[in-house]
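1. return atomic coordinates for the entry below.
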Amino acid sequence: MADVARSQDDTAHDGGRTGRFTGMGPFMLVWSGQAISLVGNSVLRFAFVFETWSATGRATALTTLSLCALLPQVLLSPLAGAFVDRVRRRTALQLADGGGLLIVALLGVLHFTGGLSTWEVYGAVMLLGCAAAFQFPALGAAVPLLVDKNQLQRANSLLASAKSTADVGGPALGGLLVTFSGLGFIIVADLVSFALALAAIRVVRMRGDTGPGAKAGGPRGKLVAEAVEGMRFLFRLPSLRDLLLAFCFVNLVMVFGFAAVQPMVLARSGGETSALASVNTAIGVGGVAGGLLMAAWSGPKNRARGMLLGIIGMCLSAQVAMALAGGVVGWCAAILVGAALMPMINGTMQAIVQTKVPQEWHGRVFGAVMFLSQLSVPLATAVSGPLADHVFEPQAADGAGIFVVLGPVLGDGPGSGMAAMLLIAGLCGITVAVLGMSRRTVREIDTLLPDAADDSPDADADHSARPGDPEAAESTDKPDNPENKALVEG
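-> The predicted structure is shown next:
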């Protein structure tokens, strides 16, 4: 255990060259705990879906369950990020996992003393969503304290791979456990997964995790005001602002298209559940494989350009090719490639934020990123269904509207309208990525916006003057070129 949790500073080097995963022992221990916890949560979510469907038999009940999990996580993210910046990173992670453990423990008490009603499940899912709101900013802020800067993209990709593993393995394992063990065993197993995640956090050493005390330069502001500061930070720096806007717009159109994938597959396959299961499996396998490949590769050298090229590739494969494919094999191949690119896109985006934003701002900024990027999910999901049912599918059947052009390509059978939605979303995503790449502030972010100073205790850095810090009077690390300085400062 001591070898796993040792500091990176003590890691051996071979001939002056660092190994591919050198110094990632502390992170790997935290990652293992989080991966187990993610699988446990995924199994519990599946059990809740099964129980809710058995109790109500209504699709609306399942939609409500999804919103109960999603909305608290999205809406609380900015406040959660501001709170993360007020405490040590270890404390923030412990609170997120500890909160989840307490909620699941309460569920266990209710279940074993009289059973869970539907409204109690809704309430528990909402509370778990609140706990999850702290998880993303806390992990995003903690990763730079666990690995060196050149390992950030690997670490972020491994986190994405863990999520994909949970998304695939959780429902499969949940189906078995619901059948053979029941909800009580699943609740106990999730409690154990949270306990293991907490134990891993307690064991590791986080370099420079001294909390905000040494950097507090005055009276502490209100939590809401600090959350807003996270938003203002992102929009104050043109490079981060433009990159995030491109990311958010792509996320909006991607979610709009992906919301039509499952009904499209069912409609075009004649209701074959095996076809849908194959596509869902391909998504999970692609996500796991992409995360592992990214961890081995460490990502593109020009991170912003690599991220935008990844978005173009994902739109071409998981949306354009998916819409044009005519069968299960084509759908699986197309969406597997797109899912494999997703960890690279998300991991690179997180690594850029982690290196360009000062450590004391990570919680607020990651909370803002989570809020802005995920706010589009409920909106896109809400509008995609009515548009498919009342606009695109009728037009496809009648050969009207845009199907005067798209009809010969996509056909006029069931699911063709949703295929058109997927195609349009992919083309829009490609357009946004190309426009983002045309912006110098985005494609040259690594040279225009200096990396934030190292926050570790051994770093010889002046915390009073940080590149891009809104509270810094003047930064000595900004480019000397007047044009570059204008681009950095906006």
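
2. Thr64: how many residues sit nearby?
-> For Thr64, the neighbour count with other Cβ atoms under 10 Å is 16. For glycine as for every other residue, the C-beta is placed from the backbone atoms N, C-alpha and C.

3. for it, what are its contacts?
-> Thr64 is in contact with Tyr122, counting by Cβ atoms under 8 Å, 6 or more residues apart in numbering.

4. where's the helix or strand harbouring it relative to the chain centroid, distance-wise?
-> Secondary structure from DSSP states H and E places Thr64 in helix 59-84. Chain-centre distance of helix 59-84: 14 Å, with Cα atoms, centre = their mean, to the nearest Å.

5. do the same with stretch 29-49
-> Its chain's C-alpha centre and that of stretch 29-49 lie 15 Å apart, by Cα atoms, centre = their mean.

6. quick one: low-confidence residue ranges for the stretch 1-150 of the chain.
-> Applying pLDDT under 70 to the stretch 1-150 of the chain flags the ranges 1-23, 57-60, 63.

7. which residues in it form helices?
-> Assigned by DSSP state H, counting those that start in this stretch, the helices in the stretch 1-150 of the chain fall at 25-56, 59-84, 89-114, 118-146.

8. nearest to Ala419, of the ones you listed?
-> Proximity to Ala419, assessed across these by Cβ to Cβ, is greatest for helix 59-84 (22.4 Å).

9. related to what we said a few turns ago, among the helices of the stretch 1-150 of the chain, which is nearest Gly257?
-> helix 59-84 (18.1 Å).

10. okay, buried residues for the closest one please.
-> The neighbour-count check on helix 59-84 (16 or more other Cβ atoms under 10 Å) flags 61, 64-65, 67-70, 72-84 as buried.

11. dump the helices of the stretch 1-150 of the chain to JSON lines, plus distance to Leu435.
-> Putting the helices of the stretch 1-150 of the chain into JSON lines (distance: least, Cβ to Cβ, whole Å) gives the following:
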{"stretch": "helix 25-56", "distance to Leu435": "34"}
{"stretch": "helix 59-84", "distance to Leu435": "26"}
{"stretch": "helix 89-114", "distance to Leu435": "36"}
{"stretch": "helix 118-146", "distance to Leu435": "26"}
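
12. contacts only, for Met418.
-> By Cβ under 8 Å, 6+ apart, Met418 lies in contact with Ala260, Pro263, Met264, Ala267, Ala388, Phe392, Glu393.

13. my read is that Ala92 contacts Ala133, right?
-> No: Ala92 is not in contact with Ala133 according to Cβ atoms under 8 Å; the separation is 11.4 Å.

14. now do the spatially most central residue of the chain against Phe371, distance only.
-> Residue closest to the average C-alpha location in the chain (Cα atoms, centre = their mean): Asn346, at 6.6 Å. Noted for Asn346: a distance of 16 Å to Phe371, by Cβ to Cβ, to the nearest Å.

15. mind showing which ranges of the stretch 351-490 of the chain have poor pLDDT?
-> 453-490.

16. Val357 is nearest to which of the helices of the stretch 1-150 of the chain?
-> Closest to Val357 of these, according to Cβ to Cβ: helix 118-146, at 9.5 Å.

17. what packs against that closest one?
-> Taking 3 or more Cβ pairs under 8 Å, 6 or more residues apart in numbering; DSSP states H and E as contact, the helices and strands that helix 118-146 lies on are helix 25-56, helix 59-84, helix 89-114, helix 152-180, helix 328-356, helix 362-374.

18. quick one, it and helix 328-356 angle?
-> Per axes from the mean of the first three to the mean of the last three Cα atoms, to 10 degrees, the angle that helix 118-146 makes with helix 328-356 is 60 degrees.

19. for helix 118-146, which positions count as buried?
-> For helix 118-146, using 16+ other Cβ under 10 Å, the buried residues are 121-146.

20. next one: stretch 438-456
-> Buried-residue list, stretch 438-456, by 16+ other Cβ under 10 Å: 439-446, 448-453, 455-456.

21. and that stretch, C-alpha only, in PDB?
-> Output of stretch 438-456 as PDB, limited to C-alpha atoms (Å, rounded to 0.1, in the frame of the first residue of the first chain):
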ATOM      1  CA  SER A 438     -10.900  29.000 -37.100                       C
ATOM      2  CA  ARG A 439     -10.500  31.100 -33.900                       C
ATOM      3  CA  ARG A 440      -6.900  31.800 -33.000                       C
ATOM      4  CA  THR A 441      -7.900  32.200 -29.400                       C
ATOM      5  CA  VAL A 442      -9.000  28.500 -29.400                       C
ATOM      6  CA  ARG A 443      -6.500  26.700 -31.600                       C
ATOM      7  CA  GLU A 444      -3.500  28.400 -30.000                       C
ATOM      8  CA  ILE A 445      -4.800  28.400 -26.400                       C
ATOM      9  CA  ASP A 446      -1.600  26.600 -25.200                       C
ATOM     10  CA  THR A 447       0.600  29.500 -26.400                       C
ATOM     11  CA  LEU A 448      -1.700  32.400 -25.900                       C
ATOM     12  CA  LEU A 449      -2.800  31.600 -22.300                       C
ATOM     13  CA  PRO A 450       0.100  30.600 -20.000                       C
ATOM     14  CA  ASP A 451      -0.300  27.700 -17.600                       C
ATOM     15  CA  ALA A 452      -1.200  28.600 -14.100                       C
ATOM     16  CA  ALA A 453       1.600  28.500 -11.600                       C
ATOM     17  CA  ASP A 454       2.200  25.300  -9.700                       C
ATOM     18  CA  ASP A 455       0.400  25.300  -6.300                       C
ATOM     19  CA  SER A 456       2.500  22.600  -4.700                       C
END
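
22. next one: it to chain centre, how far?
-> On the basis of Cα atoms, centre = their mean, stretch 438-456 sits 22 Å off its chain's mean C-alpha point.

23. just use 572 as the starting number from now, easier for me
-> OK, 572 is where the count begins now, so the last one is stretch 1009-1027.
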